[in-house]
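J.: Model the structure of this input:
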Amino acid sequence: MPKGYLCFVLHTHLPYVRHPEDENFLEELWLYEAITETYIPLIQVFENLLNENISFRLTMSLTPTLISMLTDPLLQERYVRHLAKLIALAGKEEGRTYGSPFHDTALMYKKQFNEAMDTFCNRYNRNLVSAFKKFQDAGRLELITCAATHGYLPLMMINPEAVRAQIKAAVDLHTRHLGTPPRGIWLPECAYAPGLDKILREFDLKFFFTDSHGVLYASHRPRFGIYAPIYCPTGVAAFGRDIESSKQVWSAREGYPGDFEYREFYRDIGHDLDLNYIGPYIHPDGIRVHTGIKYFKITGKMDLSQKEPYNPLRAKEKAAMHAGNFMFNRQHQARYLSSLMERPPIIVAPYDAELFGHWWFEGPVWLEYLIRKTAFDQDEIELVTPSDYLKMFSCNQVSVPCSSSWGNKGYHEVWLCSANDWIYRHLHMASERMTGMANRYQNATGLLKRALNQAARELMLAQSSDWAFIMNTGTMVQYAVRRTKMHLNNFFGLYEAIESHRIDEEWLRDLEYKNNIFPNIEYSWYQNRQPDAIAI
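T.: This next block holds a predicted model:
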């Protein structure tokens, strides 16, 4: 038995950014960048390891909004066109940079984009969810779910039916696409409030994650702290984030991503080069955007104009060094903790997946080195998933986790502050009205059922925690406000139409086309336990 276990968790999420009404909608770039820079590089890492029969176990959440976008034919087609433009741009860059310190990096991008096209179109027929399913079925990944639209659940608990609907929609979609129900869930923003676990248990979810203090301040205080799961009174397990391992990877200042040899994120040719040259490859209105082609390394704490050329080989060597350092630290951590516990500890290291490749370009390479080194260079720690650990150690302390999140200051302030508090009275009212309609109109059919189902979609899309988060951070605020108001207006418009028996089918069809998430949604998921209902 090893000294300890490492539970490496990647939370893979993007808000729903599908805009069929506009071929060049800026926010859709969030998805295209993540596919090229994070999801495909991670898939390539997993393929390399699988082909060499290297054993590993990782946990990855695929949020329902992300699954919906990755399997959407419109977005798949748009991504192919986006990637084709990047391939053409990389070809031009090969010639432009010839004889300069940037040429090797330009060749690297050309290779990356062409391999991305081959992976996306030829290997997985445009459906990357099938790639992750392959690794799940091979026993390498434990895929878990998240709330349907990443709704901030503690602030929704005033209406438990709304929380249930978020979880039900998530479990249903996950099972349809991945062939098996999820055993665990990533609570959006790691946000927990007492009582949530009761709803999770209804859907046979076995575990979730909290930030460190969610477990450390549990009642009663856990004997093993964050280095063993605790059981809620419902029997659902909570795993606490390890502070030390998280900071080493997550922190740009104190962690590996800030190393001066790594690629600088903010110097991109989409902003640097002459508009006449770069214009055909950015937004047609001339809006400067990131292309993903970046030629400079972090260098140091100086102005962006003073950055030095990026060296891919040197950065790769540094990633190998940092992977070894991370493993070394986990070995010492496990060795020390095991001396204090009568069983091996579990070290839970969760991260946003988009850190790997998008924000930290070398992240996927670092992860591959870490897995290889863990497999071949030591025998003190072993990669496991939460289900693996619970199977080995099924007896755990019963305690109630503390209300918490992994946001700034550790509680709910990020999602409930002066920048976004106005949204909740509308969301709560909409949830109450949705539950009321689900109770009143049981067994609805035809146009009425379609309208009720679309109202449920609009409510869920308005509840996304991403909009409140963006309002708090001050980036893309107008878009976040517009999305929140749009979905709320759509919901209340549908509510008035349903209650007055005047449903405009053409308008409804337009909403179903634009906001087509969760094709199998059922408005009845919002019914409460003992509704005072009438049959329609």
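
J.: Show me what the longest helix seen in the chain is packed against.
T.: Using DSSP state H, we find that the single longest helix of the chain is helix 312-338. Packed against helix 312-338 by the contact rule (3 or more C-beta pairs under 8 Å, 6 or more residues apart in numbering; DSSP states H and E) you find strand 4-12, helix 103-117, helix 243-250, strand 346-352, helix 363-376, strand 381-383. Just so you know, the C-beta spots here come from the backbone N, C-alpha and C atoms, and that holds for glycine as well.

J.: winner for burial among the ones you listed?
T.: Highest mean neighbour count among those (mean count of other C-beta atoms under 10 Å): strand 4-12, with a mean of 24.

J.: Point out where this protein drops to low pLDDT.
T.: Residues of the chain meeting the criterion pLDDT under 70: 252, 529-536.

J.: again, only using 90
T.: 1, 23, 246-248, 250-255, 300-303, 305, 475, 528-536 (pLDDT under 90).

J.: can you map out the strands along it?
T.: Along the chain, the stretches classed as strands by DSSP state E are 4-12, 58-62, 141-146, 185-186, 207-210, 230-231, 237-240, 346-352, 381-383, 441-442, 534-535.

J.: end-to-end on stretch 115-128?
T.: 14 Å (C-alpha to C-alpha, to the nearest Å).

J.: and the angle for the longest helix of the chain with helix 363-376?
T.: Relative orientation of helix 312-338 and helix 363-376, computed by axes from the mean of the first three to the mean of the last three C-alpha atoms, to 10 degrees: 50 degrees.

J.: rewinding a little: nearest to residue 431, of the strands of the chain?
T.: Closest approach to residue 431 among the strands of the chain (C-beta to C-beta): strand 441-442, 16.2 Å.

J.: helices or strands up against that closest one?
T.: In terms of contacts (3+ C-beta pairs under 8 Å, 6+ apart), strand 441-442 is packed against strand 534-535.

J.: Kindly provide the distance from residue 176 to residue 12.
T.: Separation of residue 176 from residue 12 (C-beta to C-beta, to the nearest Å): 18 Å.

J.: closest one to residue 72 among the strands of the chain?
T.: strand 58-62 (14.2 Å).

J.: Other residues contacting the closest one?
T.: Strand 58-62 is contacted from outside by 7-13, 129, 132, 140-146, 174, 178, 184-186, 353, 383, 385-386, using C-beta atoms under 8 Å, 6 or more residues apart in numbering.

J.: Ok, stretch 481-488 next?
T.: Under C-beta under 8 Å, 6+ apart, the answer for stretch 481-488 is 423, 426, 427, 430, 458, 459, 461, 462, 464, 467, 471, 515.

J.: how about the helices of the stretch 1-150 of the chain, start to end?
T.: For the stretch 1-150 of the chain, helices defined by DSSP state H, counting those that start in this stretch occupy the ranges 29-34, 40-51, 64-70, 73-96, 103-117, 128-137.

J.: closest to residue 296 out of those helices?
T.: Shortest distance between residue 296 and these, using C-beta to C-beta, is found for helix 103-117: 9.2 Å.
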